[in-house]
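Asks: here are the coordinates; sequence isn't available:
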């Protein structure tokens with residue numbers, strides 16, 4: 001009769017190469033935040049910059065209001081992106097929510113600047129994927 005040895009110790013998970021996706025998501029969230037902040041300031045100070053008047057947007061809101069919403073979203077995204085880079089669990093949750101809100105806001109803004117809005121929506125989807133698929137690996141202890 002052979003004795004089988006079963007190792008019942010709990011092994012700590014190790015970091016994989018996929019943590020690069022989370023770092024990508026964090027960096028992109030910071031960049032998206034900066035883009036939102038700049039877009040917000042442009043909306044506040046230069047209404048003639050966009051292709052349509054504010055009445056032509058999906059949601060009929062003045063560009064000044066849109067500008068402050070974009071600016072606030074941008075500042076929050078920068079903060080959450082930095083938190084994501086540090087491995088903060090709350091930043092992962094808020095990052096997914098924020099990227100989703102960013103995509104919805106840009107969908108609402110698509111008539112004013114279509115190509116830019118579509119590019120930002122695509123980046124938001126990549127950020128959500130990076131955080132959801134590989135976010136857990138970012139906070140693991142070092143080997």
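Replies: Perfect, I can see it now. The structure displayed is predicted, hence computed values, not measured ones.
Asks: measure residue 70 to residue 21 for me?
Replies: According to Cβ to Cβ, to the nearest Å, residue 70 stands 26 Å off from residue 21. Heads up, the C-betas are built off the backbone N, CA and C, glycines and all.
Asks: who has more neighbours, the two?
Replies: residue 70 (25 against 20; other Cβ atoms under 10 Å).
Asks: just the buried positions in the helix or strand that contains the more buried one, please.
Replies: Element membership for residue 70 (DSSP states H and E) is helix 63-85. Within helix 63-85, the residues scored as buried using 16 or more other Cβ atoms under 10 Å are 63, 66-67, 69-71, 73-74, 76-85.
Asks: just checking, what packs against it?
Replies: Under the contact criterion of 3 or more Cβ pairs under 8 Å, 6 or more residues apart in numbering; DSSP states H and E, helix 63-85 touches helix 19-45, helix 89-108.
Asks: now the ones you listed as JSON lines including mean pLDDT and distance to residue 133?
Replies: Listed next are the helices and strands packed on helix 63-85 as JSON lines, based on pLDDT from 0 to 100; distance: least, Cβ to Cβ, whole Å:
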{"stretch": "helix 19-45", "mean pLDDT": "89", "distance to residue 133": "7"}
{"stretch": "helix 89-108", "mean pLDDT": "91", "distance to residue 133": "11"}
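Asks: and those helices as JSON lines, adding distance to residue 120?
Replies: Formatted as JSON lines, the helices and strands packed on helix 63-85 follow (distance: least, Cβ to Cβ, whole Å):
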{"stretch": "helix 19-45", "distance to residue 120": "7"}
{"stretch": "helix 89-108", "distance to residue 120": "5"}
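Asks: what's the closest of those to residue 121?
Replies: Taking Cβ to Cβ, helix 89-108 is the member of the helices and strands packed on helix 63-85 nearest to residue 121, at 4.8 Å.
Asks: what's the next secondary structure element after that closest one?
Replies: Next element after helix 89-108 (DSSP H and E): helix 114-134.
Asks: chain center to that next one, what's the gap?
Replies: On the basis of Cα atoms, centre = their mean, to the nearest Å, helix 114-134 is displaced by 7 Å from the centre of the chain it belongs to.
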